[in-house]
Every structure is written in C-alpha cells, then in structure tokens.
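*Asks:* how would this look folded up:
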Amino acid sequence: MTRRLAEVAKKVGVSEATVSRVLNGKPGVADATRAAVLTALDVLGYERPTQLRGERARLVGLVLPELGNPIFPALAEVLGGALAQQGFTPVLCTRTAGGLSEADYVEMLLEQQVSGVVFAGGHYAEADAPHEHYFRLLELRLPVVLVNAATESLGFPQVSADDAVAVEQAFGHLISLGHECVGLVLGPEDHIPSRRKLAAFTASARRAGIQTGPELVENTLFSPEGGQAAVTKLLRRGVTGLICASDPLALGAIRAVRRLGMSVPEDVSVVGYDDSAFMNCTNPPLTTVRQPIEAMGRTAVTLLVSQIEGASVTAEELLFEPELVVRGSTAPVRVRSTALVD
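*Replies:* As a prediction, the model looks like this:
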C-alpha cells in the first residue's frame, strides 16, 4: 500500500496524503487532481479500490472535428473496432457549429475519467489555435495519441499519413499526363498538414523544372464550397491540373470547373486526397491519394493501449505511406489558348 501511494504520488506530483484521500473517497481534492490520481492507478497497473471501479476506467475518448467529411466516420469505425477488441469503449466527440469546443470535450472526458484520448483533425494541427487543453493532458499524464501532423510543441505520440509523399505522387501523376500549370488547393494557412503539402509541392515543381508560385496556391476552408471558391480563382490563372488537400475540396473543384463551362478531365484534371467513401461513385470517379486509415487507426490504438498499460512508447511521429488511386478525373492535358478572364 505504501509503495503504491508513493508511486502514484510521484507520477501525479502530489502528496501521498492526497492520493490516500482519493483512494478512500474523501472530500477536499480537486476534480482534476482526483482524475489524475485515478488515471495514474490505471497507467501503473494498480487495481482501483472497489468503490472507485466502474466502466469509466475502460472508456477512451475519440475527438473528431466533424462527421460530414466521410474520412472521419471511416477513421472512427477503425478506431472504435480496434478499441473494442482491446476491451475499451469509445466515447465519440465531434465539434459542431455552436456546440461544444474541443476544450469542452476534454473537460467532459476528464470528468468521466477516461483511460485515454485519441484526437484526429484537431486543433493540434492548427498553429494559431488554442492548445491549453493539450498541455493540461500532458500535465495529467493521460495517455493520448494524435492522428496526422501536429505542431511541434506538444510531444504526444503521432501516427500520420506522409503529406510529402502524397503531393509527390499527385504531382508526378499530373506531370506524366503533360500538365505544366498545376494548382494546389490547401486548408487554412496555419494548418500543419497543408504546410507540409505546400513544401512538397514547391520541391516537386523545382525538381521537375516547372515554375510555380503563390499565384498557383490557394488556402481555403475544408469544404466543397471552399474548394469551389479557391479553384475558380486558379482556373482564371490558366491551371490545367489541380491537387486538392481533401476529397471534399476536390468535389468543389469539379463544381467550379463545370460552372465555368469546362469539363473534368477533358479540360482540367483533378486529384483529391483521402479516398473517402464513394469517391469511386462520383462523376467522374475521383482520382485521389488514399490515406491508409486502417493501418493508422490500429497503430494509434496500439500506442494508446501501450501507454494505458504503463509501457513506454515512441514520441516520434510514425509516417504511413499513402497510395495514388487513379480513376476518371485525370487525363492528358488539352492546352487552352489563354487563361479565363473575369
């Protein structure tokens, strides 16, 4: 008992008396401290006292930005299935307009005393977003895994699709079809995966001896509407090929091409990213770069469960190679005589 008190107190950074009060269900301990002590028990492999046991000890938070983008429900399905196989119950949290923020969900999950959290597409990938709730989880030593690129200051284990390889594959495909004026549609400027894609785009163009510049790159919201607005600008600058940072952006790109009286792929080739559900059923079927979400999701759960069981895991980002899936939205270039005009 004394050894357990000492180990838990050291891990949480509180006195043994505080740990004892938590284990005996005594009042006078802050909720956050109580949650940290109970989490430390789980991480160190100690049984909780009978009165403190419950299903909450086997809960894992899954925090996603939305379910409208098909890639996120698909990822949630992989994560949920892998967690269930390990005996954990996922708690799905999605940010919606006017609803709970990511920080609000973290507070709720801590109150439920979850064993860990997996984040996907969260504020960790936005350099200018608030990150205080992540630092709190670090202080509490709660097991956490991030899916896809994050800011460098957090230090959580990460599993990511390789953004650089994705752009290299898409760019190489368009170049092989004769496209020399290629546009890039990204998410917001502070979005870390988008920054990685931009760097890879610039490097790929340089290696191919093709000129590029800011006029061929547009940042926008991750939505079909954002894609349509961005691509309308790029089409007026004469692009014949487009690389989009998500499939919804690519669908918006196709809409923009058609609104300007042109066709995909006859006049403009479009490449998406994710290979989310039903992209083979669009008109035309979308050429896209597939994220290996099955492998990424299962690895994320392995890293999380290892932390919960007290094992040390790498803090290095694990990169998974995506796969170019060629369908009907790309074709050899058909040169337009001039760029479109307003």
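*Asks:* Gly241 - how many residues pack around it?
*Replies:* By other Cβ atoms under 10 Å, 25 other residues sit near Gly241. C-betas here are computed from N, CA, C, even on glycine.
*Asks:* Contacts only, for it.
*Replies:* Residues in contact with Gly241, defined by Cβ atoms under 8 Å, 6 or more residues apart in numbering, are Leu174, Leu177, His179, Cys181, Val182, Gly183, Val268, Ser269, Val270, Val271, Thr330, Val333.
*Asks:* tell me which residues form a beta bridge with it?
*Replies:* Val182, Ser269 (DSSP bridges).
*Asks:* so can I have TSV of the contacts of Gly241 showing pLDDT?
*Replies:* Shown next, in TSV, are these (pLDDT from 0 to 100):
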residue	pLDDT
Leu174	98
Leu177	97
His179	97
Cys181	96
Val182	97
Gly183	98
Val268	98
Ser269	98
Val270	98
Val271	98
Thr330	98
Val333	93
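*Asks:* which one of those residues is nearest Ala125?
*Replies:* Proximity of those to Ala125 (Cβ to Cβ) peaks at Val271, which lies at 21.3 Å.
*Asks:* show me what contacts that closest one?
*Replies:* 170, 173-174, 241-244, 250, 287-289, 329-330.
*Asks:* tell me the SS of it?
*Replies:* Per DSSP: H, G, I helix; E, B strand; the rest coil, the local secondary structure of Val271 is strand.
*Asks:* What segments of the stretch 51-200 of the chain are helices?
*Replies:* Counting by DSSP state H, counting those that start in this stretch, the segments of the stretch 51-200 of the chain that form helices are 71-85, 102-111, 132-140, 163-176, 192-208.
*Asks:* Counting by contacts, list what the shortest one packs against.
*Replies:* Looking back up the chat, that one is helix 132-140. Helices and strands touching helix 132-140, by 3 or more Cβ pairs under 8 Å, 6 or more residues apart in numbering; DSSP states H and E, are helix 31-44, helix 102-111, strand 144-147.
*Asks:* let's see it at 6 Å
*Replies:* The helices and strands touching helix 132-140, judged by 3 or more Cβ pairs under 6 Å, 6 or more residues apart in numbering; DSSP states H and E, number zero.
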